[in-house]
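Trainee: Build me a structure from this.
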Amino acid sequence: MAASIFAYGQTSSGKTYTMVGITERSMSDIYDYIDKHPEREFVLKFSAMEIYNEAVRDLLRPDATQLRLLDDPEKGTVVEKLTEETLKDKGHLLELLAVCEAQRQIGETSMNEASSRSHQILRLTIESSAKQFMGRGNSSTLLACVNFVDLAGSERASQTQSAGMRLKEGSHINRSLLTLGKVIRQLSKGRNGHIPYRDSKLTRILQSSLGGNARTAIICTMSPAHCHIEQSRNTLLFANCAKNVVTDAKVNVVMSDKVLVKHLQREIARLENELKFHGSAYTSNHADALREKDELIKQLEEQLKELMGQKETVQSQLDNFRRVAIDENFDDHAIRQWVSILLLLHFIIKPYNDLLNDILIGFLLTGMCLKMLFLLLILTMLFMENKMV
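Mentor: Numbers count the residues shown, from 1 in each chain. Next comes the predicted model:
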């Protein structure tokens, strides 16, 4: 699990003095924990850097080469070519701390004869593995990173009476601290809007510590002098915003290749099962929909076939009526009129079409007399009247 400790406040308020004690005591507690857990194997790695005038420099190297910041998809922001020493013991750590103190940029101002002119970040990486599983290919390693951050103090040119290089240094310090304040204020409101991590190298390096996977503690220092009341007020406002920031610290586990392969295989199997489940459900629903569609089409086809048959039957019957009425040589014009009326009645009494057709065609084909035709018409009219009643 990652952790970070900050010291924030105006210049000459005791930040560096506080962080020296915090760093040494924290290292001592870590080594005490290691001594109490002989069943685990620990590897400690130490690195140190400073941000001076927005330039990143390695404190474990004598040269002042500026280092670049790179974005790693797994680790986040990393410092290119930063020296990382594997610690042998607690004495080795104290030696490296002394080297860092000697390499750091310090200058004199009217408020502090040994003012820190840069932000210092000391990073301790701790790897822990169970000894009984080491070398078997199925072990996992716990990884933790602790940052000890000594921020340069905010300062006013009117109070420090800075000029030249000191004024330039103070300008860069205030600009980076201003960006830090913006990030803290935005994080205290939530992560919905844009957070300007990339506006400063300090906030970019400490991005995971400020609002990510880390536990963070901030020590705010103030001067008791009445002339610094405005700076003290700003420090309290910063602290009030910082306490509302919520981080999500998790245990970082580094798996061996064998364990990682097994983990990925289980994940692949889980995803395949989900695909099969959702795929089968989709196939079943799709098949049901197609089946219902086919049944509906079949019903519509049968209804259409039935309607076409009825149409052909009616058309055939009409043709028969017309042929009988035209081909028979009836001299009486009234007979033809009554035949036309009967054809019209055919559509009105369609449900009884078969019975009436048989009676009508039989009478016409046998050459019945006009009286019989009138009788048929009367019977038909009576039948319809009874049906309507």
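Trainee: how about the strands in the protein?
Mentor: Secondary structure of the chain (DSSP state E): strands at 3-9, 40-52, 55-58, 66-67, 69-72, 76-79, 85-86, 106-107, 115-116, 119-130, 140-150, 215-221, 252-255.
Trainee: can I see the domain layout of this structure?
Mentor: For the chain, the structural domains run 2-255, 303-386, going by the TED database.
Trainee: thinking again about what came up before, by mean pLDDT, show me the worst of the strands of the chain.
Mentor: When the strands of the chain are ranked by mean pLDDT, strand 252-255 comes last with a mean of 64.
Trainee: ok, T23 to H228 distance?
Mentor: For T23, the distance to H228 equals 26 Å [CB to CB, to the nearest Å]. For every residue, glycine as well, the C-beta is placed using N, CA and C.
Trainee: How about V183?
Mentor: Per CB to CB, V183 is found 24 Å from H228.
Trainee: In this protein, what helix or strand scores lowest on average pLDDT?
Mentor: Between all helices and strands in the chain, the lowest mean by mean pLDDT, DSSP states H and E belongs to helix 353-365, at a mean of 48.
Trainee: Compare the strands of the chain and give me the one nearest R291.
Mentor: strand 252-255 (48.6 Å; CB to CB).
Trainee: which regions of the stretch 101-250 of the chain lie under the pLDDT threshold?
Mentor: 110, 133-139, 157-163 (pLDDT under 70).
Trainee: what comes into contact with stretch 50-57?
Mentor: 49, 59, 64-69, 79, 103-105, 117-121, 168-169, 172, 175-176, 200-202, 205 (CB atoms under 8 Å, 6 or more residues apart in numbering).
Trainee: Also stretch 201-217?
Mentor: If you take CB under 8 Å, 6+ apart as the criterion, stretch 201-217 is touched by 1-6, 49, 51, 54, 56, 69, 76-77, 79, 119, 121, 145, 147, 149, 151, 176, 179-180, 183-184, 187, 191, 195-198, 245, 247-250, 252.
Trainee: Run a quick neighbour tally on H194.
Mentor: 7 (other CB atoms under 10 Å).
Trainee: For it, which non-adjacent residue is spatially closest?
Mentor: Of all residues not flanking H194 in the chain, Q186 sits nearest, at 7.7 Å (CB to CB, 6 or more residues apart in numbering).
Trainee: wait, what's in contact with that neighbour?
Mentor: Q186 neighbours (CB under 8 Å, 6+ apart): G193, H194, I195, P196.
Trainee: What of A7?
Mentor: By CB under 8 Å, 6+ apart, the residues touching A7 are K15, T16, T18, M19, I22, V149, D150, L151, I218, I219, T221.
Trainee: Of these, which pair is most distant in space?
Mentor: Between any two of these, the greatest separation by CB to CB is 15.5 Å, found for T16 and I218.
Trainee: Between those two, which is the more surrounded one?
Mentor: The neighbour comparison of T16 against I218 (other CB under 10 Å) goes to T16, with 22 against 18.
Trainee: returning to that earlier point: look up how far L142 lies from the residue nearest to H194.
Mentor: Here Q186 is placed at a distance of 32 Å from L142 (CB to CB).
Trainee: Would you map the helices across this structure?
Mentor: In the chain, the helices defined using DSSP state H lie at 15-36, 90-103, 157-160, 165-189, 201-205, 207-211, 229-242, 257-327, 333-348, 353-365, 370-388.
Trainee: before we move on, back to that, ranking the domains of the chain by burial, who's on top?
Mentor: Burial of the domains of the chain is given as mean neighbour count (mean count of other CB atoms under 10 Å); domain 2-255 ranks first at a mean of 16.
Trainee: Off-centre distance for that domain?
Mentor: Distance, stretch centre to chain centre, for domain 2-255: 30 Å (CA atoms, centre = their mean, to the nearest Å).
Trainee: how far away is T125 from N147?
Mentor: 10 Å.
Trainee: meant to ask about T247
Mentor: 13 Å.
Trainee: got it, and A239?
Mentor: Look at A239 and N147: by CB to CB, they are 19 Å apart.
Trainee: Please look at M27 and K90 and confirm they touch.
Mentor: Yes: between M27 and K90 there is a contact under CB atoms under 8 Å: 6.8 Å.
Trainee: Contact partners for D288?
Mentor: Taking CB under 8 Å, 6+ apart as the definition, D288 has no contacts.
Trainee: before we move on, what about M165?
Mentor: Listed by CB under 8 Å, 6+ apart, the contact set of M165 reads G107.
Trainee: Relative to N53, how far out is it?
Mentor: From M165 to N53 the distance is 9 Å (CB to CB).
Trainee: Kindly report the same for C100.
Mentor: From C100 to N53 the distance is 18 Å (CB to CB).
Trainee: next one: G21
Mentor: 28 Å.
Trainee: Then E155?
Mentor: With distances taken as CB to CB, E155 is found 15 Å from N53.
Trainee: same question, R204
Mentor: If you measure R204 against N53 using CB to CB, the figure is 16 Å.
Trainee: Kindly report the same for A287.
Mentor: As judged by CB to CB, A287 and N53 stand 70 Å apart.
Trainee: any chance of the domains of the chain in JSON lines, with distance to R291 too?
Mentor: Shown next, in JSON lines, are the domains of the chain (distance: least, CB to CB, whole Å):
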{"stretch": "domain 2-255", "distance to R291": "48"}
{"stretch": "domain 303-386", "distance to R291": "19"}
